[in-house]
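Novice: I'll drop the sequence and a predicted model, then ask my questions.
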Amino acid sequence: MKALTWQGTRNVSVEEVPDPQILEPTDAIVKITSTAICGSDLHLYELFGPFIDKGDVLGHEPMGVVVEVGSAVTNLAVGDRIVVPFNISCGHCFMCRRGLQSQCETTQVREYGSGAALFGYTKLYGQVPGGQAEYLRVPLADYNHIRVGDDLPDDRYLFLSDIVPTAWQGVQYANVPEGGTLAVMGLGPVGQFAARIGVHLGYRVLAIEPEADRRAMAERHGILTYDLTDTVVDELIDLTEGRGADGVVDAVGMEAHGNGGAKLAQNAVGLLPDALARKLMDKAGIDRLAAVYASIDLVRRGGTVSLSGVYAGEADVLPMKTMFDKQLNLRMGQCNVKRWIDDLLPLVEDPADPLGVMDLVTHHAPLEDAPGLYETFQKKEDGCIKVVLRPGT
């Protein structure tokens with residue numbers, strides 16, 4: 001089959017790789033009909049080379065049709081149309097029963113002290129072949145799927161794999177009171193949905209984003225947007241009676257604008273031999289924290305900062321005095337996808353499309369175009385906000 005593979009920093013290519021096989025009786029094989037490029041895929045493209053091997057298949061936002069099931073699979077059949085959540089969980093362990101599927105004790109990657117295994121996301125999370133491919137092996141398939149109907153297009157459902165539940169969890173974690181103010185840092189795909197979810201839930205939503213086309217998209221959904229300037233945090237505080245937002249979702253993550261020294265350090269680590277780079281990233285890694293710092297400044301006293309963007313540094317410095325003095329709450333973590341599906345499936349199927357899932361994709365393309373579109377997305381060129389690939393087209 002054809003699959004998008006990692007070949008080096010800022011170097012991915014579509015290659016012929018072996019078709020996936022049933023390895024465990026609990027597996028299923030899915031023919032992929034749509035698969036998206038996620039913002040967190042760009043961290044692999046740019047930074048995480050020490051934890052990836054040449055030829056690894058990327059991608060963790062897929063959906064498609066079941067073409068084979070293992071002998072122990074009882075909840076899926078050939079022909080079922082499913083979305084595949086990006087985290088791999090069992091559904092019955094201590095963590096899964098508590099709605100913490102991203103911490104599943106069955107699939108935790110204990111070698112690296114990490115939570116549940118993820119599709120297409122480095123040794124840190126199990127090095128499981130990903131879904132930017134023509135076919136995907138789905139472990140623990142009875143639980144790791146979201147069955148959907150046949151009538152609506154893929155784009156209605158695809159984002160249940162990651163970014164819609166990630167945004168929903170981010171807003172839930174922000175703990176905004178009824179009628180309160182939610183601020184969103186960054187209007188990439190997760191930020192777009194976090195802001196729209198805030199509007200859907202009746203919040204006043206203020207969003208900060210340096211790219212004009214991303215601000216324009218958000219404004220179509222009733223979101224007040226602001227350019228990233230040196231004074232924007234103070235301006236938004238003034239708009240909230242001098243207090244700040246009740247909750248802030250940081251939808252940016254470790255590669256935020258600013259923090260030039262941290263960017264240089266990240267790039268320098270990427271030039272080291274893998275074994276040394278892994279040790280440095282594991283014990284002394286740092287992130288570009290401009291979005292976190294701005295979120296801490298923007299949230300009101302007693303409010304909540306919710307981190308949805310990916311962070312990986314172990315040596316990051318946080319303004320603990322300010323956080324303690326402001327009595328802040330801090331929530332974060334990989335999304336527990338299955339926890340939120342009962343809330344979200346009716347919304348993506350609603351004819352009114354309240355979350356605007358049909359107004360996000362800027363680029364549809366065949367799988368063969370993926371390498372160029374990774375670069376386009378990473379450089380924010382051609383108005384690129386979300387890419388959906390169609391294997392087999």
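Specialist: The structure has been received and is ready for your questions. Bear in mind the structure is a predicted one, so any value in this text is a computation, not a measurement.
Novice: wait, what's in contact with the residue of the chain positioned farthest from its centre?
Specialist: Residue farthest from the centre of the chain, counting by C-alpha atoms, centre = their mean, is Glu241 at 32.6 Å. Contacts of Glu241 were listed using C-beta atoms under 8 Å, 6 or more residues apart in numbering, and none were found. To be clear about C-beta, it is placed using only N, CA and C from the backbone, and glycine gets the same treatment.
Novice: Helix or strand for it, just tell me which one.
Specialist: If you go by DSSP states H and E, Glu241 is not part of any helix or strand.
Novice: now it: how far from Thr181?
Specialist: 10 Å (C-beta to C-beta, to the nearest Å).
Novice: and if you look at Ala36?
Specialist: According to C-beta to C-beta, Ala36 stands 30 Å off from Thr181.
Novice: do Arg301 as well
Specialist: To Thr181, Arg301 is 14 Å away according to C-beta to C-beta.
Novice: ok, now Gly313?
Specialist: Applying C-beta to C-beta to Gly313 and Thr181 gives a distance of 29 Å.
Novice: neighbour-wise, which of these two wins?
Specialist: Thr181 (25 against 17; other C-beta atoms under 10 Å).
Novice: What residues are bridge-paired with the more buried one?
Specialist: Taking DSSP bridges as the rule, Thr181 bridges to Arg204.
Novice: Now do the contacts for it.
Specialist: Counting by C-beta under 8 Å, 6+ apart, Thr181 touches Tyr203, Arg204, Val205, Leu206, Thr240, Ala245, Asp246, Gly247.
Novice: Go again with 10 Å.
Specialist: The contact partners of Thr181, taken as C-beta atoms under 10 Å, 6 or more residues apart in numbering, are 198, 203-206, 224, 236, 239-241, 243-248, 299-300, 303.
Novice: quick one: which of those residues sit in helices?
Specialist: Gly198, Leu236, Leu239 (DSSP state H).
Novice: what's the distance between the second one and Ala218?
Specialist: When distances are taken as C-beta to C-beta, Leu236 and Ala218 turn out to be 15 Å apart.
Novice: what pLDDT does the nearest residue to Glu111 once chain neighbours are set aside get?
Specialist: Once flanking residues are discounted, Glu111 sits nearest to Lys123: 7.9 Å by C-beta to C-beta, 6 or more residues apart in numbering. For Lys123, the model assigns a pLDDT of 91.
Novice: for Ala312, same thing?
Specialist: 71.
Novice: One more: the one 5 residues further on?
Specialist: Here, the pLDDT recorded for Val317 equals 85.
Novice: okay, the spatially closest residue to it that is not a sequence neighbour: pLDDT?
Specialist: Computed as C-beta to C-beta, 6+ apart, the closest residue to Val317 that is not its neighbour in sequence is Leu289, at 7.7 Å. Listed pLDDT for Leu289 reads 87.
Novice: ok, so what distance separates Leu289 from Val310?
Specialist: With C-beta to C-beta as the criterion, Leu289 and Val310 are 13 Å apart.
Novice: neighbour count winner among the two?
Specialist: Remark: of Leu289 and Val310, Leu289 carries more neighbours, 24 against 21, as counted by other C-beta under 10 Å.
Novice: Make a ChimeraX selection of whichever of the contacts of Thr181 turn out to be buried.
Specialist: A single ChimeraX command selects the buried members of the contacts of Thr181 (16 or more other C-beta atoms under 10 Å):
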select :198,203,204,205,206,224,236,239,240,244,245,246,247,248,299,300,303
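Novice: follow-up on the earlier one: just checking, the residue nearest to Val317 touches Ala312?
Specialist: No - if you go by C-beta atoms under 10 Å, Leu289 and Ala312 don't touch, sitting 11.8 Å apart.
Novice: what's the overlap in contacts for Arg301 and Thr181?
Specialist: When contacts are counted by C-beta under 10 Å, 6+ apart, the set common to Arg301 and Thr181 consists of Arg243, Gly244.
Novice: low-confidence ranges in the stretch 151-300 of the chain?
Specialist: Where the stretch 151-300 of the chain drops to pLDDT under 70, the residues are 254-287.
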